[in-house]
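> Only the shape, not the letters, is given here:
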């Protein structure tokens, strides 16, 4: 093995001690630009992002039956009766995905500020707006320490 290394060294013995060539016509490339030459190359721009988006799971919205809708409506009436003092609630609601079919169920614990009948939404103290038709379940008088 040593013989091979010595042989390789002897190949370049005549040029190894020559001065490094610096072009008089072109400026020297910055270290940052030199490093960029060896950076990984993505042949298809956005492919990795598209694969991740496709792999992201969404849930289908579950339709409530008439009994479940009646229970939610009754709970909303009880919450509205406690306003303007506010009522701490736990709301599970469906939020449709903006990019693809489906969505996700979100659990929100907070204080109801207003129930807007005309816009058909609940306004929470933190500014969150929840569409009444997207509510899956709602429980009132939940303490925020239960989070």
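Yep, that arrived. Predicted, not measured: the structure shown is a model, and the values here were computed from it. Numbers count the residues shown, from 1 in each chain.

> what are the ranges of the helices in this protein?
2-11, 31-36, 47-55, 66-81 (DSSP state H).

> Let me know whether residue 134 touches residue 95 as I believe.
Yes: contact criterion Cβ atoms under 8 Å: residue 134 and residue 95 qualify, at 6.9 Å. (Each C-beta comes from the backbone N, C-alpha and C, glycine too.)

> tally of neighbours for residue 79?
The local packing count at residue 79 equals 20, with neighbours defined by other Cβ atoms under 10 Å.

> Enumerate every residue touching the nearest residue to residue 106 once chain neighbours are set aside.
Beyond its immediate neighbours in the sequence, the residue positioned closest to residue 106 (Cβ to Cβ, 6 or more residues apart in numbering) is residue 95, lying 5.4 Å away. If you count contacts by Cβ atoms under 8 Å, 6 or more residues apart in numbering, residue 95 has them with 103-106, 134.

> Mind checking which of those land in strands?
Restricting those to those inside strands, with DSSP state E as the criterion, leaves 103-106.

> I'd like the distance between residue 106 and residue 134.
Taking Cβ to Cβ, to the nearest Å as the measure, residue 106 falls 9 Å from residue 134.

> Neighbour count for these two, which is higher?
residue 134 (18 against 14).

> Contacts only, for the more buried one.
By Cβ under 8 Å, 6+ apart, residue 134 lies in contact with 61, 93-96.

> tell me the pLDDT at it?
pLDDT for residue 134: 93.

> Then residue 42?
Per-residue confidence (pLDDT) for residue 42: 66.

> related to what we said a few turns ago, which residues do residue 106 and residue 134 both contact?
Taking Cβ under 8 Å, 6+ apart as the contact definition, residue 106 and residue 134 share the neighbouring residues 93-95.

> Switch the residues you listed over to a markdown table; also include distance to residue 27 and pLDDT.
Listed next are the shared contacts of residue 106 and residue 134 as a markdown table, based on distance: Cβ to Cβ, whole Å; pLDDT from 0 to 100:
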| residue | distance to residue 27 | pLDDT |
| --- | --- | --- |
| 93 | 61 | 93 |
| 94 | 60 | 92 |
| 95 | 55 | 90 |
